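A.B. asks: quick one, structure for this:
(one chain, ligands or ions: 1)
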Amino acid sequence: MIYTDTRDSSIKADFKTAVMGGMNQKTGGLYIPVEFPKLDKSLLNKDPAPSFRDVAFNMAKPYVEGEIPDGDLAAIIQDAYPFQPKIVPLDSVSYVMELFHGPTCAFKDFGARFMARVMSYFNRNEDTPLHILVATSGDTGSAVGSAFHGVSGLDVTILYPDGKISPLQEKQLSTFTGNVRALKVKGTFDDCQKLVKTAFTDTELRGKLRLSSANSINIARLLPQSFYYMYTALTVKNRCKIDNKILDPAIIMVVPSGNFGNLTSGLIAREMGAPIEGFTAATNTNKTIPDWIASGEYNARPSVETYANAMDVGAPSNYERIKAMYSLEEVRHLFASYWQDNDGIIKAIQECKDKTGYTIDPHGAIGFAAWENIKNGGMEALVNGQKNDPNKPGLTPSIPDWANKVINKEAVGVILETASPAKFGKIVTDATGHEPPMPARLEEVMRLPDRAIPMENDYNQFKDWLLANL
Ligand SMILES: *Cc1c(COP(=O)(O)O)cnc(C)c1O
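C.D. replies: Now for the predicted structure:
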């Protein structure tokens with residue numbers, strides 16, 4: 001596969017360059033495949049639907065063609081995914097796609113574990129390790145740390161702001177041994193990011209250590225997230241015959257979004273033939289994308305803190321990829337969008353529990369609220385001319401092509417549950433009165449000793465530490 005650049009379409013790179021580089025340093029653009037080949041009809045039409053790993057292998061294949069042979073790709077998929085998405089029906093036209101059955105209990109495991117194994121593969125003939133530096137405000141660090149832990153040829157240093165992440169998140173970051181370690185920096189997340197960025201531009205350091213990054217803009221994190229959209233869409237399409245007698249359901253993926261990597265992966269799955277009719281972008285108060293869809297103007301802004309904190313992003317980096325793939329008009333045809341504030345998040349967690357018995361986390365809760373609104377008259381009201389105020393929580397005043405399918409009861413919603421409710425125990429308990437059960441792997445990590453290394457917010461100290469310890 002040839003990869004190009006969101007800022008310069010004359011750029012041509014192979015998969016290895018795109019993965020190992022992360023982004024194009026020269027243009028500042030993001031890598032994107034030049035095409036999204038359709039999945040074979042034999043898989044798209046299979047009933048019962050193909051297994052998750054079959055889908056994953058066949059979707060990944062064209063993107064690594066000529067660079068990773070089939071046998072090695074199959075081994076990467078096998079090793080990356082000892083878990084899979086779980087599809088849970090909420091009511092006759094709503095499903096939850098649970099994406100938290102991986103080691104860190106959030107969807108980022110899907111992308112990070114594939115990326116780690118691909119990087120290890122591309123590093124296999126080098127005699128020195130590749131050093132991954134990651135700054136994290138919480139969730140990304142644990143997914144990356146866990147994904148790279150024990151993977152050969154790779155070495156990970158995670159920087160996080162001391163005292164500014166939750167105790168559970170801290171345990172998930174700081175208890176690794178071996179090739180993964182964490183530095184707790186006396187500073188903010190931005191300070192951590194600055195230390196990492198300075199390291200990347202330090203030619204003296206780069207002369208001594210092979211450095212790379214692992215953030216969410218990497219194409220090797222984005223592509224594998226498309227696997228679960230395809231798998232779920234194919235599975236739900238077949239199930240609908242039994243669950244609700246809708247023979248040709250219009251499947252709407254409802255995606256709690258921050259950086260919009262997850263949603264971009266959904267667009268890739270749709271391009272590859274997944275039976276997905278449209279999307280709902282669900283955000284918290286950081287409503288940069290809903291505002292763009294409503295007004296046509298894109299205004300990145302500083303992020304604000306919310307209960308759905310993994311989505312506290314004011315300048316979503318994958319906007320650039322979405323814009324490279326579609327015009328604003330195309331996005332409006334395909335997307336509904338919705339946002340909710342903290343009060344709305346609490347209400348949604350409560351309402352989900354009361355109506356369906358399902359315990360949902362604060363991120364998935366915004367998706368739940370969005371789909372409830374859409375299917376229970378919110379979309380019909382827009383079609384009938386209601387003018388929603390984009391500055392108030394709720395559905396953005398923009399009507400996607402699939403609006404009538406919802407009104408005619410031909411649509412089903414799939415809400416992506418991006419994290420286990422146990423990761424946000426206090427908020428969920430406050431909302432529902434019940435403490436969500438703690439998965440064994442989270443309980444285990446809480447018992448491990450903390451190994452984080454204290455670090456001043458000082459580049460020279462950081463650099464000396466790297467040179468002395470890596
Ligand atoms: C990262 C994250 C999100 C946001 O995903 P994007 O790809 O950045 O849009 C949503 N929910 C949870 C729990 C996350 O960790």
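A.B. asks: now do the same end-to-end measure for stretch 453-466.
C.D. replies: 12 Å (CA to CA, to the nearest Å).
A.B. asks: distance between that stretch and the chain's centre?
C.D. replies: Its chain's C-alpha centre and that of stretch 453-466 lie 30 Å apart, by CA atoms, centre = their mean, to the nearest Å.
A.B. asks: list the buried ones in that stretch?
C.D. replies: Residues of stretch 453-466 classed as buried: Met455, Asn457, Phe462, Lys463, Leu466 (neighbour count, 16 or more other CB atoms under 10 Å). (Glycine included, C-beta is placed from N, CA and C.)
A.B. asks: and stretch 28-39, by the same measure?
C.D. replies: So stretch 28-39, judged by 16+ other CB under 10 Å, has buried residues Gly29, Leu30, Tyr31, Ile32, Pro33, Phe36, Leu39.
A.B. asks: reformat the residues you listed as JSON lines; add distance to the ligand and pLDDT.
C.D. replies: Output for the buried residues of stretch 28-39, formatted as JSON lines (distance: CB to the nearest ligand atom, whole Å; pLDDT from 0 to 100):
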{"residue": "Gly29", "distance to the ligand": "19", "pLDDT": "86"}
{"residue": "Leu30", "distance to the ligand": "13", "pLDDT": "89"}
{"residue": "Tyr31", "distance to the ligand": "16", "pLDDT": "92"}
{"residue": "Ile32", "distance to the ligand": "16", "pLDDT": "93"}
{"residue": "Pro33", "distance to the ligand": "18", "pLDDT": "96"}
{"residue": "Phe36", "distance to the ligand": "18", "pLDDT": "97"}
{"residue": "Leu39", "distance to the ligand": "22", "pLDDT": "97"}
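A.B. asks: as CSV, these with secondary structure would be great.
C.D. replies: Below are the buried residues of stretch 28-39 laid out as CSV (DSSP: H, G, I helix; E, B strand; the rest coil):
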residue, secondary structure
Gly29, coil
Leu30, strand
Tyr31, strand
Ile32, strand
Pro33, strand
Phe36, coil
Leu39, coil
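A.B. asks: give me the below-cutoff pLDDT ranges for the stretch 101-250 of the chain.
C.D. replies: Of all residues in the stretch 101-250 of the chain, none has pLDDT under 70.
A.B. asks: nearest to the ligand: which residue in it?
C.D. replies: Asp139 (4.0 Å; CB to the nearest ligand atom).
A.B. asks: let me know the pLDDT of the nearest residue to that residue once chain neighbours are set aside.
C.D. replies: Nearest residue to Asp139, sequence neighbours excluded (CB to CB, 6 or more residues apart in numbering): Ala310, at 4.8 Å. Looking at Ala310, its pLDDT reads 90.
A.B. asks: re the thing from before, now do the contacts for the residue of the stretch 101-250 of the chain closest to the ligand.
C.D. replies: Applying CB atoms under 8 Å, 6 or more residues apart in numbering to Asp139 gives the contacts Thr104, Ala106, Lys108, Gln169, Ala310, Ala419.
A.B. asks: run the last query once more with 10 Å
C.D. replies: For Asp139, the contact set (CB atoms under 10 Å, 6 or more residues apart in numbering) comprises 104-108, 165-166, 169, 172-173, 258, 309-310, 363, 418-419, 423.
A.B. asks: okay but the residue nearest to Asp139 is in contact with Lys108, surely?
C.D. replies: Yes: using CB atoms under 10 Å, Ala310 is in contact with Lys108, at 8.5 Å.
A.B. asks: which neighbours do the two share?
C.D. replies: In contact with both Ala310 and Lys108: Asp139, Thr140, Thr418, Ala419, using CB under 10 Å, 6+ apart.
A.B. asks: out of those, grab the one that's most surrounded.
C.D. replies: Per-residue neighbour counts (other CB atoms under 10 Å) across the shared contacts of Ala310 and Lys108 peak at Thr418, which has 27 neighbours.
A.B. asks: any idea how far that residue lies from Thr27?
C.D. replies: Distance, Thr418 to Thr27, by CB to CB, to the nearest Å: 30 Å.
A.B. asks: check Asn388 too.
C.D. replies: On the measure of CB to CB, Asn388 and Thr27 end up 38 Å apart.
A.B. asks: neighbour count: those two, which is higher?
C.D. replies: More neighbours surround Asn388 than the other of Asn388 and Thr27, with 17 against 12 (other CB under 10 Å).
A.B. asks: so the nearest residue to that one once chain neighbours are set aside: helix, strand or coil?
C.D. replies: Closest residue to Asn388 apart from its sequence neighbours, by CB to CB, 6+ apart: Pro397 at 4.4 Å. Following three-state DSSP, Pro397 is assigned to coil.
A.B. asks: in contact with Pro397, which residues?
C.D. replies: Applying CB under 10 Å, 6+ apart, we find Pro397 in contact with Pro290, Ile293, Ala294, Ser295, Ser337, Leu382, Gln386, Lys387, Asn388, Asp389, Pro390.
A.B. asks: and the pLDDT for it?
C.D. replies: As predicted, Pro397 sits at a pLDDT of 96.
A.B. asks: again, but for the one 5 residues further on
C.D. replies: Reported pLDDT at Trp402 in the predicted model: 98.
A.B. asks: which residues touch it?
C.D. replies: 250-252, 277-280, 333-336, 374, 379, 410-411.
A.B. asks: nearest to the ligand, of those?
C.D. replies: Phe279 (11.8 Å).
A.B. asks: dump the C-alpha coordinates for the helix or strand harbouring that closest one into PDB.
C.D. replies: Secondary structure assignment for Phe279, by DSSP states H and E: strand 278-283. The C-alpha coordinates for strand 278-283 follow below in PDB (Å, rounded to 0.1, in the frame of the first residue of the first chain):
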ATOM      1  CA  GLY A 278     -23.900   6.700   9.000                       C
ATOM      2  CA  PHE A 279     -22.300   7.900  12.200                       C
ATOM      3  CA  THR A 280     -23.100  10.000  15.200                       C
ATOM      4  CA  ALA A 281     -20.200  12.000  16.600                       C
ATOM      5  CA  ALA A 282     -20.900  12.300  20.300                       C
ATOM      6  CA  THR A 283     -18.700  14.700  22.300                       C
END
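A.B. asks: that strand pairs with which strands, and in what direction?
C.D. replies: The pairing partners recorded for strand 278-283 under DSSP bridges are strand 250-256 (parallel), strand 335-339 (parallel).
A.B. asks: can you list the buried residues in whichever helix or strand comes after the last one?
C.D. replies: On the C-terminal side of strand 335-339, the nearest following helix or strand under DSSP H and E is helix 342-356. The neighbour-count criterion (16+ other CB under 10 Å) identifies Asn342, Gly344, Ile345, Ile346, Ala348, Ile349, Gln350, Glu351, Cys352, Lys353, Thr356 as the buried residues of helix 342-356.
A.B. asks: ok, stretch 188-201 next?
C.D. replies: Buried residues in stretch 188-201 (16+ other CB under 10 Å): Phe189, Asp191, Cys192, Gln193, Lys194, Leu195, Val196, Ala199.
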